[in-house]
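Novice: With the input below, show me the fold.
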Amino acid sequence: MATIACLVIAATVLIAVVQWLLLHWWLLLLLAVIVAAAGGYWLHHRAQQARWERIRMQGLRYQLAQLDALHHRQFEHAIRDLMHRDGCRDAVQVGGAGDNGADVKATDPYGRRWVIQCKHRSAGAAGSPVGTPDLHVLNGTARQLHGADVVVLVTNGRFTAKCPPLAKSQRLHLVDRQTLATWAAGSRPLWELLPRLPAPRKPDSLP
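Specialist: You can find the predicted model right below:
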């Protein structure tokens, strides 16, 4: 009996609500207009944000002094933003505990997968040089664990003399202070500054 009584009460309330809405249909219309206006404003706001983000990225520039002043994690974010500026829409900062040698990952417009390790030196060129142990770690994980096509170690400092021949033999790419300065302060993407890159995965994307 209690269940039947509840059903009767619910039906009565529902009928009353429907009758009230039919008498005040204009409230439904007003609510629909408000919802549509709010949705339109939200979409417009999102579009504007995306537009300004594209403009900001297209004009993104860093001077070496700015990069030197960053915290090492901020430096990783700066490298990510530069890759994003150059057209890597999926560029992401992944550095941290257990990163297995990858600080930034990105896919360039030609379909190549980039894995970048960042070595920041607060003293810039005067800081301790990046040595071959860092290259060995990166070489052991970038392709095997991260599926990299292009493996890069970038620093605002300098490399030891043994790094370039090791990098060449293992198909690794070094971005030293000078190359970083050219890339960060200019408008050319990193893949135009590095030699011996692998062939594009999407040849039809070539200009």
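Novice: Can I take it that Val115 is in a strand?
Specialist: Yes. Val115 sits within a strand when classified using DSSP: H, G, I helix; E, B strand; the rest coil.
Novice: For the closest residue to it other than its chain neighbours, list the residues it contacts.
Specialist: Spatial nearest neighbour of Val115, excluding adjacent residues (CB to CB, 6 or more residues apart in numbering): Ala148 at 3.7 Å. Where you see a C-beta, it was placed from the backbone N, CA and C, and this is true even at glycine. Residues in contact with Ala148 (CB atoms under 8 Å, 6 or more residues apart in numbering) are 113-115, 142.
Novice: Packing partners of the helix or strand containing Ala5?
Specialist: Taking DSSP states H and E as the criterion, Ala5 maps to helix 2-23. Applying 3 or more CB pairs under 8 Å, 6 or more residues apart in numbering; DSSP states H and E, one finds that helix 2-23 contacts no other helix or strand.
Novice: any idea of the mean pLDDT for that helix?
Specialist: In this model, helix 2-23 has a mean pLDDT of 78.
Novice: For that helix, output the C-alpha coordinates as PDB.
Specialist: These are the backbone C-alpha positions of helix 2-23, laid out as PDB (Å, rounded to 0.1, in the frame of the first residue of the first chain):
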ATOM      1  CA  ALA A   2       2.800   2.400   0.800                       C
ATOM      2  CA  THR A   3       4.300   1.800  -2.600                       C
ATOM      3  CA  ILE A   4       1.000   2.600  -4.300                       C
ATOM      4  CA  ALA A   5       0.600   5.700  -2.200                       C
ATOM      5  CA  CYS A   6       4.100   6.900  -3.200                       C
ATOM      6  CA  LEU A   7       3.300   6.300  -6.900                       C
ATOM      7  CA  VAL A   8       0.100   8.300  -6.600                       C
ATOM      8  CA  ILE A   9       1.800  11.200  -4.900                       C
ATOM      9  CA  ALA A  10       4.600  11.200  -7.500                       C
ATOM     10  CA  ALA A  11       2.100  11.100 -10.400                       C
ATOM     11  CA  THR A  12       0.100  14.000  -8.800                       C
ATOM     12  CA  VAL A  13       3.200  16.100  -8.300                       C
ATOM     13  CA  LEU A  14       4.400  15.400 -11.900                       C
ATOM     14  CA  ILE A  15       1.000  16.400 -13.300                       C
ATOM     15  CA  ALA A  16       1.000  19.600 -11.300                       C
ATOM     16  CA  VAL A  17       4.500  20.500 -12.500                       C
ATOM     17  CA  VAL A  18       3.600  19.800 -16.100                       C
ATOM     18  CA  GLN A  19       0.400  21.900 -15.800                       C
ATOM     19  CA  TRP A  20       2.400  24.700 -14.200                       C
ATOM     20  CA  LEU A  21       5.000  24.600 -17.000                       C
ATOM     21  CA  LEU A  22       2.300  24.700 -19.700                       C
ATOM     22  CA  LEU A  23       0.800  27.800 -18.100                       C
END
